[in-house]
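**Student:** I need the structure of the sequence given here:
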Amino acid sequence: MNKRILIAAAILGVLSVVLGAFAAHGLKELISLEAQQTFETGVRYQMYHAILLLFVGGSNYVNEKSKKSIFYLVLIGLLFFSGSIYGLATNELTGFNFKSIAFITPIGGLMLIISWLVLLINFLKVKADNL
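**Tutor:** Below you'll find the model as predicted:
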């Protein structure tokens, strides 16, 4: 599981940099400043959670059950949260109206919050001698 988490973290990190550069250079003339800032929010949260997965995958302080839960919560949460933000920010450029699925954005955000809570609960269960 650790290898899978670390690979996913690296892929999410690479994609964050690529999408950030794309937003700064490729989308600059195509979407409004507000839409660019919205897109950058999705990139920023994607990178934050790529770093979270790097930590989780490389940590001996997180049990396997928690790692698995965090992994899936982050992947699905990012797909819903950042993915929908990318779509909403570029809505004018596509043939699909992403506003019709905007309800998944807060669901994704809630999943990301829960992933951090799972990590917190895991840490609270670790005995002080093991830290």
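**Student:** From residue 105, how far off is residue 84?
**Tutor:** Separation of residue 84 from residue 105 (C-beta to C-beta, to the nearest Å): 4 Å. (Each C-beta comes from the backbone N, C-alpha and C, glycine too.)
**Student:** In terms of neighbours, single out the busier of those two.
**Tutor:** A count of neighbours by other C-beta atoms under 10 Å puts residue 84 above the other of residue 84 and residue 105, at 22 against 19.
**Student:** show me what contacts that one?
**Tutor:** 98, 101-102, 104-105, 108 (C-beta atoms under 8 Å, 6 or more residues apart in numbering).
**Student:** after the strand or helix carrying it, next one along is what?
**Tutor:** If you go by DSSP states H and E, residue 84 is part of helix 64-89. Going down the chain from helix 64-89, the next helix or strand is helix 104-125, by DSSP H and E.
**Student:** Let me see the residues that make contact with that next one.
**Tutor:** Applying C-beta under 8 Å, 6+ apart, the contact partners of helix 104-125 are 45, 49, 52, 56, 61-63, 66, 69-70, 73-74, 76-85, 88.
**Student:** what's the average pLDDT for the helix holding residue 84?
**Tutor:** Helix 64-89 shows a mean pLDDT of 96.
**Student:** now swap in stretch 31-51 and tell me
**Tutor:** 94.
**Student:** Outside of that stretch itself, which residues are in contact with it?
**Tutor:** Residues contacting stretch 31-51 (C-beta under 8 Å, 6+ apart): 9-10, 12-13, 15-17, 19-20, 23-24, 27-28, 74, 77-78, 81-83, 85-86, 88-93, 112, 115.
**Student:** can you check stretch 93-102 too?
**Tutor:** 30-31, 84, 87-88, 90-91.
**Student:** and with 6 Å instead?
**Tutor:** Stretch 93-102 is contacted by residues 87-88, 91 when judged by C-beta atoms under 6 Å, 6 or more residues apart in numbering.
**Student:** Which of those has the largest number of neighbours?
**Tutor:** Counting by other C-beta under 10 Å, top hit in the contacts of stretch 93-102: residue 87 with 21 neighbours.
**Student:** May I see the buried residues of stretch 7-23?
**Tutor:** 8-9, 12-13, 15-16, 19-20, 23 (16 or more other C-beta atoms under 10 Å).
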